[in-house]
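Trainee: Predicted model follows, preceded by the sequence.
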Amino acid sequence: MSGSLLDAGAVIGCPHGGRVSAATTPSGGVLVQGAAVATAAHSYVVTGCPHTVDGVPTPCVSVRWTADGTGVAVDGSPVLLDTSAAECFTAAFVPQGPPVVQAAQRKVIVR
């Protein structure tokens, strides 16, 4: 698996336009362009998702990432890449689709 490392400054959204951000601060041990590298150990929340089903609000509220296959870890946790598998979920843990990661040019690439 190859891709660019995600960091604390990555622009990520849910499939409905909500904003994804780290609920816990990524480790300060490894930085990419001054921002901490994101790992699978961190929690991610979604804010501002406007999704409704039959007029009932069912917003995305969290993201779960599957980071494997790179062999690269920070503090023992796999790093997240812009190509890592992920899914957005409602508060009732109903899957709502993958998050959208805006392409960003990074100086560090994992191959």
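Mentor: Happy to help now that I have it. Numbering: from 1, shown residues only.

Trainee: Straight-line length of stretch 38-55, end to end?
Mentor: 35 Å (Cα to Cα, to the nearest Å).

Trainee: quick check: mean pLDDT across it?
Mentor: Mean pLDDT, computed over stretch 38-55, is 92.

Trainee: buried sites along that stretch?
Mentor: Buried residues in stretch 38-55, counted by 16 or more other Cβ atoms under 10 Å: 38-42, 44, 46, 49, 51. Backbone N, C-alpha and C define where each C-beta goes, glycine included.

Trainee: how far is that stretch from where the chain is centred?
Mentor: 10 Å (Cα atoms, centre = their mean, to the nearest Å).

Trainee: Burial check on residue 80, number of neighbours?
Mentor: 29 (other Cβ atoms under 10 Å).

Trainee: measure it to residue 3 for me?
Mentor: Between residue 80 and residue 3 the computed distance is 9 Å (Cβ to Cβ, to the nearest Å).

Trainee: same thing with residue 82?
Mentor: Where residue 3 is concerned, residue 82 sits at a distance of 5 Å (Cβ to Cβ).

Trainee: my read: residue 46 touches residue 20, true?
Mentor: Yes - between residue 46 and residue 20 a contact is recorded at 5.3 Å, counting by Cβ atoms under 8 Å.

Trainee: what's the helix or strand containing residue 87 in contact with?
Mentor: Here residue 87, judged by DSSP states H and E, is contained in strand 85-89. The contact list for strand 85-89, computed with Cβ atoms under 8 Å, 6 or more residues apart in numbering, reads 14-15, 18, 20, 46, 49, 60-66, 95-99.

Trainee: So which bits of that strand are buried?
Mentor: Buried residues in strand 85-89 (16+ other Cβ under 10 Å): 86-89.

Trainee: which residues does residue 39 contact?
Mentor: 26-27, 67, 73-75, 77-80.
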